[in-house]
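Engineer: predicted model and sequence below, questions to follow.
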Amino acid sequence: MKGFIDFIREQGVVGLAVGFILGGAVSRVVAALVQDIINPIIGLALGSTEGLVQASFAIGSAEIMWGHLVAVVIDFLVIALVVYYGVKGLGLDKADKAKE
């Protein structure tokens with residue numbers, strides 16, 4: 001059992017699990033921010049009264065839902081920025097360099 005505990009401490013499995021859980025929570029908060037605040041504002045600016053996700057255009061009988069793709073890209077970019085500045089702000093980018 002001691003070997004297993006040492007493995008967890010050395011390999012950072014607990015830190016990985018905590019990071020995974022917090023990453024999921026941050027992702028949900030950012031997704032709500034993007035869906036509830038950013039996307040409606042962009043949708044109104046682009047002329048879609050139903051919000052960005054519902055923005056589309058028709059070609060014949062096909063409806064191209066371009067707003068959903070743009071919303072997903074915005075969601076990704078905001079999450080990436082939050083993670084980047086979160087890692088920088090907490091100094092975690094230097095943690096691995098200190099071990100070397």
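Structural biologist: Okay, I see it. Numbering: from 1, shown residues only.
Engineer: and the gap between Ile21 and Ile74?
Structural biologist: Here the distance between Ile21 and Ile74 works out to 24 Å (CB to CB, to the nearest Å). Glycine gets a C-beta too; all of them are placed from N, C-alpha and C.
Engineer: contact partners for the one residue sitting closest to the centre of the chain?
Structural biologist: In the chain, the C-alpha nearest the mean C-alpha coordinate belongs to Ile79, at 2.9 Å (CA atoms, centre = their mean). Remark: with contacts taken as CB atoms under 8 Å, 6 or more residues apart in numbering, Ile79 is in contact with 26-27, 30-31.
Engineer: so what's Leu33 up against?
Structural biologist: Contacts for Leu33 (CB under 8 Å, 6+ apart) come out as Val78.
Engineer: could you report the pLDDT at it?
Structural biologist: In this model, Leu33 is scored at 85, pLDDT.
Engineer: which helix or strand lies directly C-terminal to the strand or helix carrying it?
Structural biologist: Under DSSP states H and E, the secondary-structure element containing Leu33 is helix 13-33. Where DSSP H and E defines the elements, the next helix or strand beyond helix 13-33 is helix 39-45.
Engineer: can you give the distance of that following helix from its chain's centre?
Structural biologist: Between the centre of helix 39-45 and the centre of its host chain there is 19 Å, according to CA atoms, centre = their mean, to the nearest Å.
Engineer: could I get that helix in PDB with only the CA atoms?
Structural biologist: Written as PDB, here are the backbone C-alpha positions of helix 39-45 (Å, rounded to 0.1, in the frame of the first residue of the first chain):
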ATOM      1  CA  ASN A  39     -23.600  34.800 -28.000                       C
ATOM      2  CA  PRO A  40     -26.900  36.800 -27.600                       C
ATOM      3  CA  ILE A  41     -25.000  40.100 -27.900                       C
ATOM      4  CA  ILE A  42     -23.100  38.900 -31.000                       C
ATOM      5  CA  GLY A  43     -26.300  37.500 -32.400                       C
ATOM      6  CA  LEU A  44     -28.000  40.900 -32.000                       C
ATOM      7  CA  ALA A  45     -25.000  42.700 -33.600                       C
END
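Engineer: no further queries at this time; thank you.
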